[in-house]
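Visitor: would you be able to build a 3D model of this:
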Amino acid sequence: MDEPEFIDRLRRREREAMDALAVRYHADVYRFLRHLCRHTQEAEDLAQSTFLRAFARIETYGGSAPLRSWLLGIAYREFTGWRRRRLWLPLRGDRPAPGSAYDELAEAEVLLAAIGRLPDAIRATFLLHHVEEISVAEIAATLTLPEGTVKSRLHAARARLRQLLREEDQAYVPEAC
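Guide: All right, here's what the predicted structure looks like:
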């Protein structure tokens with residue numbers, strides 16, 4: 001089924017189309033939210049509320065951005081609402097067990113921790129571009145921002161990540177004897 005027909009079916013609130021929307025895009029929405037809030041259960045709850053909001057407001061989808069981008073925009077707004085309602089403390093997962101892949105896991109953990117320290121708006125923009133692989137134009141439509149602002153946020157995210165990772169590297173350098 002082509003996209004316009006699928007959207008028409010969603011607007012008619014056909015159960016099969018709504019189920020298909022959730023099946024098709026749940027992993028993308030959940031992954032994005034999981035990176036934003038870094039807590040599995042909260043991400044799942046936010047994903048569920050994202051789809052409920054999308055089903056309730058499908059008539060507002062204008063078609064200027066892909067359906068996936070529209071959903072990720074709703075997910076981001078759900079996250080920011082959740083963030084305003086709760087005191088957010090970063091949660092650390094279990095440390096990787098030492099082993100042959102320990103160094104790679106440790107580096108990934110350091111990078112994820114640095115991404116988690118970015119301000120919400122910059123982190124969301126960075127994740128949409130580098131994890132979800134969405135173009136600058138689509139991110140602008142998703143977050144209702146000018147493209148220049150998206151580019152500026154991406155630049156700020158990369159600069160801040162470089163700084164955070166440099167600081168992390170220096171934290172591991174032993175002091176001179």
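
Visitor: rest of the way, CA atoms for contacts and neighbours
Guide: OK.

Visitor: after the lowest-mean-pLDDT helix or strand in the chain comes which helix or strand?
Guide: Of all helical and strand segments in the chain, the minimum by mean pLDDT, DSSP states H and E falls on helix 102-116, at a mean of 69. Remark: after helix 102-116, the chain's next helix or strand is helix 120-130, criterion DSSP states H and E.

Visitor: hmm, who's touching that following helix?
Guide: By Cα atoms under 8 Å, 6 or more residues apart in numbering, the residues outside helix 120-130 that reach it are 32, 35-36, 76, 115-116, 134-136, 139, 150, 153-154, 156-157.

Visitor: now with 7 Å?
Guide: 36, 115, 134-135, 139, 150, 153-154, 157 (Cα atoms under 7 Å, 6 or more residues apart in numbering).

Visitor: same question, stretch 134-142
Guide: Residues contacting stretch 134-142 (Cα under 7 Å, 6+ apart): 65, 69-70, 72-73, 128-129, 146-147, 150-151.

Visitor: could you redo the last one with a cut-off of 6 Å?
Guide: 69-70, 73, 128, 146-147 (Cα atoms under 6 Å, 6 or more residues apart in numbering).

Visitor: how far is that stretch from where the chain is centred?
Guide: Centroid separation between stretch 134-142 and its chain, computed with Cα atoms, centre = their mean, to the nearest Å, is 13 Å.

Visitor: same question for stretch 37-50.
Guide: What separates the centre of stretch 37-50 from the centre of its chain is 11 Å, taken as Cα atoms, centre = their mean.

Visitor: so for that stretch, mean pLDDT?
Guide: The predicted model assigns stretch 37-50 a mean pLDDT of 89.

Visitor: and Pro4, what pLDDT?
Guide: 82.

Visitor: what about it, distance to Leu118?
Guide: 37 Å (Cα to Cα, to the nearest Å).

Visitor: narrow the contacts of helix 120-130 to those that are buried.
Guide: 36, 115, 134, 139, 150, 153-154, 157 (16 or more other Cα atoms under 10 Å).

Visitor: so which of these is the closest to Glu59?
Guide: Ile139 (20.6 Å; Cα to Cα).

Visitor: for that closest one, give its distance to Ile122.
Guide: Taken as Cα to Cα, the span from Ile139 to Ile122 is 12 Å.

Visitor: do Leu145 as well
Guide: Taking Cα to Cα as the measure, Leu145 falls 12 Å from Ile122.

Visitor: picking up where we left off before, with neighbour numbers in mind, choose between Pro4 and Leu118.
Guide: Between Pro4 and Leu118, Leu118 has the larger neighbour count (other Cα atoms under 10 Å), namely 19 against 10.

Visitor: so what's the gap between stretch 11-29 and the chain middle?
Guide: When C-alpha coordinates are averaged (Cα atoms, centre = their mean), stretch 11-29 and its chain have centres 19 Å apart.
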